[in-house]
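Engineer: need a 3D model of the sequence below.
(one chain, ligands or ions: 4)
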Amino acid sequence: MDSNGSGRVIPGPTNPMVTPLLTDHYQFTMAYAYWKAGKHQERAVFDLYFRRSPFGGEYTIFAGLEECVRFISNYKISEDEIHFIKNTLPASCEDGFFDYLRGIDCCDVEVYAIAEGTVVFPKVPLMRIEGPVAVVQLLETPFVNLINFASLVATNAARHRFVAGKSKTLLEFGLRRAQGPDGGISASKYCYIGGFDATSNVAAGRLFGIPLRGTHSHAFVSSYMGVNEIADKSLRKKDGSGACEDFVVLVQKWLNKIKWSNSLCGIFSDTNQSELAAFTSYALAFPDNFLALVDTYDVVRSGVPNFCAVALALSDLGYKAVGIRLDSGDLAYLSCESRKFFCSIEKEFGVPDFGEMSITASNDLNEETLDALNKQGHEVDAYGIGTYLVTCYAQAALGVVFKLVEINKQPRIKLSEDVSKVSIPCKKRIYRLYGKETYPLVDIMRGENEPPPKVGERILCRHPFQESKRAYVVPQQVEELLKCYFAGSSDKKSETLPPLKDIRERCIKQLEQMRPDHMRRLNPTPYKVCVSAKLYDFIHFLWLNEAPVGELR
Ligand SMILES: Nc1ncnc2c1ncn2[C@@H]1O[C@H](COP(=O)(O)OP(=O)(O)OP(=O)(O)O)[C@@H](O)[C@H]1O
Ligand SMILES: O=P(O)(O)OC[C@H]1O[C@H](OP(=O)(O)OP(=O)(O)O)[C@H](O)[C@@H]1O
Ligand SMILES: O=C(O)c1cccnc1
Ligand SMILES: [Mg+2]
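Structural biologist: Ligands and ions are numbered 1, 2, ... in the order given. As a prediction, this is how the structure comes out:
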């Protein structure tokens, strides 16, 4: 634990593998070369950004900032680590360098960032990292690593939420399929930020206070052979006014009633009795939270009737069952059939709200299957989503980069044949300009010393690289995006790290205020990211200055 200059104590990174060695070898070789040249203390400014939003979309959720701040707040290279680094470098490397590494902390580093959970766009610096060039260089790889997957998976979660709709419960079930333990823990944390309601991941529940939810598996159902395996068949009434001595008999009674009821007669005959035993047993263990996986044998002919028999028996004793989970087959059709069954029971037996029993669906769900279910019509209330969500199956990486934009107060540019890869030089300030209808209109980057845009004042916004693309904007609201999150030992004020719940709320609010055409799944409109006229001129001046002139022969 350490403080970031603000006097607040900041714990280390969640994952203890996040150490100064969690970087690329070349960061240490460059650090040595900087040191050898006497250049290591030169003040550098790097921007961290990405070039394209993922999943064919036009927005991204910025996530991972807290872990970066935790990392640098506690940055210290241990003796063991220095010993290891020394062995990885040529023997000719001078000892003075290792003394230098020994003394490194991040007290000369400052980090400016957009708030975690904000909707962000390509080319805009999500973080600006200032400090001695050798130190900031060492931070490149861990920072990019901590932001890349966090932002990717939070965006994936937000996209799943967008298709599922606000009213649905979204459960993250991905731990078993995630890319290793950190993939699993990170996915649970950042899917929550992106708008999921709960996770099945117990460790994530403990670490981050994310609500835990779950049902049961097919193994639980198929492990039962019959009701005689249930040792204690008694169940106390919910209000404490007595008990049912044989809950199994009560369930059987209800199953018979359903079977011969007017509206359900003929829909099913004999249900699977081992499944009934499993449901009965689960209800005895959790009478207040009874939710059954109904697709082990046959949803309509066995799972749903068995579930209803147990739920009605519970109802006799004052308990309210939660619902069912469907994990195979046509989820649209089966959810509608199950709903019809529940509604018939409500009508036939006069059990209030039985028709509103919750239906959870799972099984290889993703944006496309959720969209297909919506188009077909369905009765699903909650989705359990694993593999496609946590592995970010539709796109493996976000492509976050970390580029030098200034050293010793000299702006720097990285040129490329591919214009989209040319970096935007200078230490910049970023503003989000809002229009009349309260939507964000554009993000504009301006040189650090340019005055901020003013509400009601016309501003020329220019595409950073295409001369003909320009627009005037008269903002109704101006929001400065980069705030100081780590001030090192300077006396600058830094932002406090908000709790996870607040980050999630911010994210949900941010998504709601975006113009709908930026958010749609098919051919969304790109959000405009621009530069001030002054910065535009400077970029192109520097470009011409740095690019050699070709010669044709
Ligand atoms: N109504 C639907 N429309 C579109 N996709 C659906 C619908 N219902 C389910 N799906 C999806 O179709 C796929 C079905 O998976 P699969 O072919 O493995 O069948 P299954 O139902 O799991 O079969 P099994 O009984 O062998 O487990 C899943 O990805 C599921 O999310
Ligand atoms: O389908 P996902 O989106 O990854 O969500 C999680 C899945 O994990 C569980 O079963 P598991 O996949 O382990 O076994 P199954 O495929 O045989 O049901 C669960 O029943 C879900 O189907
Ligand atoms: O609780 C569940 O139903 C669950 C948890 C993880 C994976 N699949 C399902
Ligand atoms: Mg599966």
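Engineer: how far does stretch 387-405 sit from the chain's center?
Structural biologist: In terms of Cα atoms, centre = their mean, to the nearest Å, the centre of stretch 387-405 is set 12 Å apart from its chain centre.
Engineer: show the end-to-end separation of that stretch, please.
Structural biologist: Separation of the first and last residues of stretch 387-405 by Cα to Cα, to the nearest Å is 38 Å.
Engineer: near ligand 2, anything from it?
Structural biologist: Yes - on the criterion Cβ under 6 Å from any ligand atom, stretch 387-405 is in touch with ligand 2 at Thr387, Tyr388. For the C-beta atoms, the positions are set from N, CA and C on the backbone; glycine is no exception.
Engineer: quick one: average confidence on that stretch?
Structural biologist: Taken as a whole, stretch 387-405 carries a mean pLDDT of 97.
Engineer: same check on stretch 536-548?
Structural biologist: 93.
Engineer: now do stretch 81-92
Structural biologist: Averaging pLDDT along stretch 81-92 yields 98.
Engineer: now that stretch: how far from the chain's centre is it?
Structural biologist: Between the mean C-alpha location of stretch 81-92 and the chain-wide mean there is a distance of 37 Å, by Cα atoms, centre = their mean.
Engineer: okay, that stretch in PDB with CA atoms only?
Structural biologist: Coordinates of the C-alpha atoms in stretch 81-92 are reproduced here as PDB (Å, rounded to 0.1, in the frame of the first residue of the first chain):
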ATOM      1  CA  GLU A  81      13.900  -8.300  -9.500                       C
ATOM      2  CA  ILE A  82      16.900  -6.100 -10.000                       C
ATOM      3  CA  HIS A  83      19.100  -9.200  -9.800                       C
ATOM      4  CA  PHE A  84      17.000 -10.900 -12.400                       C
ATOM      5  CA  ILE A  85      17.000  -7.900 -14.700                       C
ATOM      6  CA  LYS A  86      20.800  -7.700 -14.400                       C
ATOM      7  CA  ASN A  87      21.100 -11.300 -15.600                       C
ATOM      8  CA  THR A  88      18.900 -10.600 -18.600                       C
ATOM      9  CA  LEU A  89      21.000  -7.700 -19.800                       C
ATOM     10  CA  PRO A  90      24.500  -7.900 -21.300                       C
ATOM     11  CA  ALA A  91      27.300  -8.100 -18.800                       C
ATOM     12  CA  SER A  92      28.700  -4.900 -20.200                       C
END
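Engineer: which residues does that stretch contact?
Structural biologist: By Cβ atoms under 8 Å, 6 or more residues apart in numbering, the list of residues contacting stretch 81-92 from outside reads Thr19, Pro20, Leu21, His25, Phe28, Thr29, Tyr32, Ile77, Cys93, Phe98, Leu101, Arg102.
Engineer: show me what contacts the nearest residue to Leu138 once chain neighbours are set aside?
Structural biologist: Here the nearest residue to Leu138 in space, its sequence neighbours aside, is Gln27; by Cβ to Cβ, 6 or more residues apart in numbering that works out to 4.9 Å. For Gln27, the set of contacting residues under the criterion of Cβ under 8 Å, 6+ apart consists of Gln137, Leu138, Glu140, Thr141.
Engineer: could you find the closest non-adjacent residue to the third one?
Structural biologist: Nearest-residue entry for Glu140: Phe402, 4.4 Å, with adjacent residues in sequence omitted and distances by Cβ to Cβ, 6+ apart.
Engineer: again with the last one
Structural biologist: Distance criterion Cβ to Cβ, 6+ apart; nearest residue to Thr141, sequence neighbours excluded, is Thr23 at 4.2 Å.
Engineer: can you read off the pLDDT for the one you found?
Structural biologist: According to the predicted model, the pLDDT of Thr23 comes to 98.
Engineer: that one contacts Val144, correct?
Structural biologist: No - under the criterion of Cβ atoms under 8 Å, Thr23 makes no contact with Val144, lying 9.9 Å away.
Engineer: residues touching the closest residue to ligand 1 within the stretch 401-550 of the chain, list them.
Structural biologist: Residue of the stretch 401-550 of the chain nearest ligand 1, by Cβ to the nearest ligand atom: Arg521 (15.6 Å). Residues touching Arg521, when contacts are defined by Cβ under 8 Å, 6+ apart, comprise Gly56, Gly57, Arg159, Phe162, Val163, Glu367, Asp371.
Engineer: equivalent analysis for Val109, please.
Structural biologist: In this structure, Val109 makes contact with Ile72, Ile129, Glu130, Gly131, Pro132, Val135, Val136, Leu139, Phe486, Gly488, judged by Cβ under 8 Å, 6+ apart.
Engineer: give me that answer again for 10 Å
Structural biologist: Taking Cβ atoms under 10 Å, 6 or more residues apart in numbering as the criterion, Val109 is in contact with 4-5, 72, 75, 129-132, 135-136, 139, 486-490.
Engineer: now do the phi/psi pair for Ala285.
Structural biologist: Backbone torsions for Ala285, taken as degrees, to the nearest 10, come to phi -80, psi -40.
Engineer: let me redo that: Ile129
Structural biologist: Note on Ile129: its backbone torsions stand at phi -120, psi 120 [degrees, to the nearest 10].
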